Structure formats: C-alpha cells, structure tokens
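Student: just need the structure, nothing else, for what follows:
(one chain, ligands or ions: 1)
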Amino acid sequence: MTKAEIIKKGLGFGVDYSETTSCYDANTLGEACGECDASVLRKIGFENANVQDSTRYQ
Ligand SMILES: [Zn+2]
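Tutor: Presented below is the predicted three-dimensional model:
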C-alpha cells in the first residue's frame, strides 16, 4: 500500500492521527519536527490522500 492508502485505511478504522507520530525526532510532547524523512513522507502521504494532516508539529 502507499502511504496515502495507509492513511485512508487508518481513518476508516478511526485512527486519530493527532495522537500518532512517524517522526524520528519528536519532542517529549510527541510533536513532530516536520523536517526528517519520516515527517516529510508522512506529510506527502496526507497530501496524496487528500486528508487534513492532523499531525502536531513543533
Ligand atoms: Zn521528524
């Protein structure tokens, strides 16, 4: 599956993406840096899925 497909599937299961992070460098609050590979790929995934990115960024 693509990232976009995974995001859509997760939403179907009721995943709250503001409660998750893919970031390699999240702070103690769980907020993503928005700049590492994982953060960037995740952002692109939300864009490709046409889904509002609810990830919390630092
Ligand atoms: Zn990051």
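
Student: the longest helix seen in the chain and the ion in contact?
Tutor: In the chain, with assignment by DSSP state H, the single longest helix is helix 37-49. Yes - if you take Cβ under 5 Å from the ion as the test, helix 37-49 does meet the ion, through Ser39. Where C-beta positions appear, they are placed from N, C-alpha and C, glycine not excepted.

Student: gap between that helix and the chain center?
Tutor: 6 Å (Cα atoms, centre = their mean, to the nearest Å).

Student: likewise stretch 25-41?
Tutor: Distance, centroid of stretch 25-41 to centroid of chain: 9 Å (Cα atoms, centre = their mean).

Student: that stretch: end-to-end distance?
Tutor: End-to-end distance of stretch 25-41: 14 Å, with Cα to Cα, to the nearest Å as the criterion.

Student: and Arg42, how far from Thr28?
Tutor: According to Cβ to Cβ, to the nearest Å, Arg42 stands 19 Å off from Thr28.

Student: kindly apply the preceding question to Asp16 instead.
Tutor: Counting by Cβ to Cβ, the gap from Asp16 to Thr28 is 20 Å.

Student: who's in contact with the helix or strand bottoming out on mean pLDDT in the chain?
Tutor: Here the helix or strand of the chain ranked lowest by mean pLDDT, DSSP states H and E is helix 3-12, holding a mean of 91. Contacting residues not belonging to helix 3-12 are listed as Met1, Tyr17, Leu41, Arg42, Ile44, Gly45, Phe46, Asn48, Ala49, Val51 [Cβ atoms under 8 Å, 6 or more residues apart in numbering].

Student: can you tell me the number of residues neighbouring the first one?
Tutor: It refers to Met1. Number of residues near Met1 (other Cβ atoms under 10 Å) recorded here: 8.

Student: how about the contacts made by it?
Tutor: For Met1, the contact set (Cβ under 8 Å, 6+ apart) comprises Lys9.

Student: what pLDDT does it get?
Tutor: Note on Met1: pLDDT of 88.

Student: the longest helix of the chain packs against which elements?
Tutor: Of the remaining helices and strands, those touching helix 37-49 by 3 or more Cβ pairs under 8 Å, 6 or more residues apart in numbering; DSSP states H and E are helix 3-12.
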